[in-house]
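Visitor: got a predicted structure plus its sequence, pasted below:
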Amino acid sequence: MPSPVRAVYVALSWLTVVPLPQPAVAMDRRVGAAVMAAVPVVGVTLGALGAAFAAALSFTELPTALIGLLIVAALALLTRGMHIDGLADTADGLGCYGPPDRVAEVMRSGSSGPFGVASIVVVLAIQAVGFGALTDQHRWYELAYAIALGRLVAVIGARRGLHPARAEGFGALVAGTQRMSIAVWTAAAVVGAIGAGWQADGLDFPAAGWAVAVVAVVVTFGWFGTAHCARRIGGINGDVLGAGTEVGVAIAVIGLLI
């Protein structure tokens, strides 16, 4: 099993465009398990970058809606658009109402149908408007936190009990590999939620409590949403984990703005 530092390194090289030399490791399930356990660290990194970008854009005269769109575009570039592609493929697959073999075939087709396009538009629009609103309110912590929290859904989707949809691909490397990491990162998310309640004059307990409730909603979506996808597709694949990440971010943004 790679060390935690090595796992974060591999995760960044797999899941972002950070120009790191390709790690000299065999891409097997042991490495896949370590990478998935490190995914929230990637989320924290992306969240920090997204918040910093938002803070820089706040000094311009750009409309908040445009700032939100630019943040979404920047995150898509940083992640090679993998999660967005997964969202489209998963939505098209679930929308075909066929047996698992048919769903898997639709997801592998490489083209986006009406369900996929609609899902991208809705989910990314929610993120963009939400990021813009958080920027307008100078809520940098919550913006970063929402981006990081969405990655918890991917870890939940790789939990023990959900097997890979195929014998090859990203899903085959990571599906069914997570157990303790889910509890650890959920606890970390709850602790992080308390930060959303800090005000200039101390801790706002209702705000912190609401942020913890947002964590509960994201975790619940992650658990039942990925289980539904696994049932319809015949297992977990990389598209499902990417789709869960994007929807998880959108849910987090909505919850933090309510």
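Guide: Now that the structure is in, tell me what you want to look at. Numbers count the residues shown, from 1 in each chain.
Visitor: from the contact counts, what lies against whichever strand or helix holds residue 88?
Guide: In this assignment (DSSP states H and E), residue 88 forms part of helix 82-95. Applying 3 or more Cβ pairs under 8 Å, 6 or more residues apart in numbering; DSSP states H and E, one finds that helix 82-95 contacts helix 100-107, helix 114-136, helix 205-233, helix 238-257. Where C-beta positions appear, they are placed from N, C-alpha and C, glycine not excepted.
Visitor: got the angle for the third one vs helix 100-107?
Guide: Here the directions of helix 205-233 and helix 100-107 differ by 110 degrees (axes from the mean of the first three to the mean of the last three Cα atoms, to 10 degrees).
Visitor: shift numbering so it begins at 191
Guide: Got it, the first residue is 191 from now on, which makes the last one we talked about helix 395-423.
Visitor: what residues of helix 395-423 count as buried?
Guide: 397-398, 400-402, 404-405, 408-409, 411-412, 415-417, 419-420, 422-423 (16 or more other Cβ atoms under 10 Å).
Visitor: so which of the helices and strands packed on helix 272-285 comes closest to residue 215?
Guide: helix 428-447 (18.2 Å; Cβ to Cβ).
Visitor: buried ones in the closest one, by neighbour count?
Guide: 428-447.
Visitor: how much does it deviate in direction from helix 304-326?
Guide: Going by the same axes, to 10 degrees, helix 428-447 makes 40 degrees with helix 304-326.
Visitor: alpha carbons of helix 428-447, as PDB, please.
Guide: C-alpha atoms of helix 428-447 as PDB (Å, rounded to 0.1, in the frame of the first residue of the first chain):
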ATOM      1  CA  GLY A 428     -15.600   5.800 -13.100                       C
ATOM      2  CA  ASP A 429     -18.500   7.700 -14.700                       C
ATOM      3  CA  VAL A 430     -20.700   7.100 -11.700                       C
ATOM      4  CA  LEU A 431     -18.000   8.400  -9.300                       C
ATOM      5  CA  GLY A 432     -17.500  11.500 -11.500                       C
ATOM      6  CA  ALA A 433     -21.200  12.100 -11.700                       C
ATOM      7  CA  GLY A 434     -21.600  11.800  -8.000                       C
ATOM      8  CA  THR A 435     -18.800  14.300  -7.400                       C
ATOM      9  CA  GLU A 436     -20.500  17.000  -9.600                       C
ATOM     10  CA  VAL A 437     -23.900  16.500  -8.100                       C
ATOM     11  CA  GLY A 438     -22.400  16.400  -4.600                       C
ATOM     12  CA  VAL A 439     -20.800  19.800  -5.200                       C
ATOM     13  CA  ALA A 440     -24.100  21.200  -6.500                       C
ATOM     14  CA  ILE A 441     -26.000  19.900  -3.400                       C
ATOM     15  CA  ALA A 442     -23.400  21.300  -1.100                       C
ATOM     16  CA  VAL A 443     -23.600  24.700  -2.800                       C
ATOM     17  CA  ILE A 444     -27.400  24.800  -2.500                       C
ATOM     18  CA  GLY A 445     -27.300  23.700   1.100                       C
ATOM     19  CA  LEU A 446     -24.800  26.300   2.200                       C
ATOM     20  CA  LEU A 447     -26.700  29.100   0.500                       C
END
